[in-house]
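Asks: Predicted structure and sequence below. I'll ask about it afterward.
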Amino acid sequence: MEEQNFRKNPIITDIYTADPAPTVYGDTLYLYTTHDEDELINDFYTMKDWRCFSTKDMVNWTDHGVIFSLDDIAWADDRAWAPQAIERNGKYYLYCPVHKRNGGMAIAVGISDNPAGPFKDLGHPLVDEGDWNDIDPTVFIDDDDQAYLYFGNPELRYVLLNEDMISYDKEIGVVKIPMTEESFAKGSHDTGTSYGEGPWFYKKNGIYYMVYAAFGVDKRDEHLAYSTSDSPTGPWKYGGILMTEEGGVFTNHPGIADFKGHSYLFYHTGDLPGGSLFHRSVCVAEFKYNEDGSINTIPKCDGVEKIK
Ligand code: FUB
């Protein structure tokens with residue numbers, strides 16, 4: 001068989017996937033995604049489980065199937081939304097927004113001994129403020145071992161995770177980031193800034209990055225933008241637009257990973273046949289950082305090259 005040296009976007013073509021969360025463990029990149037069901041209920045997001053795919057070269061992908069689902073979370077009944085994963089002390093944690101049986105959104109945690117699951121529910125929500133803001137968790141462990149869980153739509157908030165990764169510092173509680181134009185630019189979301197949802201928090205070369213889905217002034221669809229800080233808790237300074245709106249769907253969702261010397265932005269579009277607002281597909285683009293740490297706007301692209 002002819003060797004394939006290029007993986008065309010969208011990466012996964014047999015189901016609709018969205019909300020990419022790439023995580024590198026050793027020589028393998030694991031891609032956690034949500035799953036848009038083919039058949040919609042009430043003409044809205046119909047999402048019941050989380051999926052995992054892995055690759056060693058960005059071209060050949062292994063499908064690990066369903067790794068966690070609403071059926072595994074007794075207290076949740078809907079909206080298996082954008083997850084993010086991390087490893088600590090040999091355990092793997094998957095943070096997932098879900099709709100609670102008694103109403104409102106909250107953040108669930110799945111725990112596993114294996115990066116590709118199966119994940120077992122903690123048994124209760126990790127973050128549950130009793131409102132609709134508690135979605136789209138992003139988790140990061142800093143060099144001093146402090147773990148942060150940022151999340152939120154329309155407000156960006158965070159908690160300081162304890163070392164067990166399944167509880168947080170209740171004395172400090174949920175901290176609300178000031179939603180200012182200096183931090184997130186003027187925009188059309190509820191806070192008057194462009195910050196929308198889907199934060200992706202990480203650190204590179206001493207700079208803390210917050211990448212997120214954003215609503216520009218007078219724009220209907222989401223673009224991707226980023227802010228930076230020299231501290232994990234801000235203040236955040238708006239950096240610029242990372243990817244423009246034209247994805248054919250209302251949402252976009254960033255996932256960033258450095259893998260084998262390359263930097264990748266995962267995102268989603270409606271590019272698969274039958275694609276729609278509620279039938280999205282995960283794509284990936286390679287990009288480079290400028291010397292000062294800034295990032296230029298990244299074009300949507302056809303796909304990526306094979307790497308070693
Ligand atoms: O996929 C469901 C929701 O739409 C996610 O939680 C948001 O980030 C947006 O992509």
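Replies: Looks like it came in fine. Note that the coordinates shown come from a computational prediction; the quantities given were computed from them, not determined experimentally.

Asks: where does the stretch 151-300 of the chain come near the ligand, residue by residue?
Replies: Proximity of the stretch 151-300 of the chain to the ligand, by Cβ under 6 Å from any ligand atom, involves residues 197, 198, 213, 251, 253. Using the backbone N, CA and C atoms, a C-beta is placed for each residue, glycine as well.

Asks: From these, pick the one nearest residue 185.
Replies: residue 213 (13.1 Å; Cβ to Cβ).

Asks: What residues sit buried inside stretch 90-103?
Replies: Using 16 or more other Cβ atoms under 10 Å as the burial criterion, the residues of stretch 90-103 that qualify are 92, 93, 94, 95, 96, 97, 98, 99, 100.

Asks: ugh, wrong one, stretch 60-75
Replies: By neighbour count, with 16+ other Cβ under 10 Å as the criterion, the buried positions of stretch 60-75 are 61, 64, 67, 68, 69, 70, 72, 73.

Asks: and whichever strand or helix holds residue 111, what other elements does it pack with?
Replies: In this assignment (DSSP states H and E), residue 111 forms part of strand 105-112. Helices and strands in packing contact with strand 105-112 are listed as strand 61-69, strand 91-100, strand 120-121; criterion 3 or more Cβ pairs under 8 Å, 6 or more residues apart in numbering; DSSP states H and E.

Asks: From the chain's centroid, how far away is stretch 129-143?
Replies: Centroid displacement of stretch 129-143 relative to its chain, using Cα atoms, centre = their mean, to the nearest Å, is 11 Å.

Asks: what comes up buried for it?
Replies: Along stretch 129-143, these residues count as buried under the neighbour rule (16+ other Cβ under 10 Å): 129, 133, 134, 135, 136, 137, 138, 139, 140, 141.

Asks: Give me the subset of these that also touch the ligand.
Replies: Restricting the buried residues of stretch 129-143 to those adjacent to the ligand (criterion: Cβ under 6 Å from any ligand atom) gives 135, 136.

Asks: Can you read off the pLDDT for residue 247?
Replies: The per-residue pLDDT reported for residue 247 equals 71.

Asks: do residue 3 as well
Replies: In this prediction, residue 3 carries a pLDDT score of 73.

Asks: number of nearby residues for it?
Replies: Residues within reach of residue 3, counting by other Cβ atoms under 10 Å, total 7.

Asks: For the residue nearest to residue 220 when sequence neighbours are not counted, give me its contacts.
Replies: Here the nearest residue to residue 220 in space, its sequence neighbours aside, is residue 250; by Cβ to Cβ, 6 or more residues apart in numbering that works out to 7.1 Å. Contacts for residue 250 were tallied using Cβ atoms under 8 Å, 6 or more residues apart in numbering; they are 220, 221, 222, 277.
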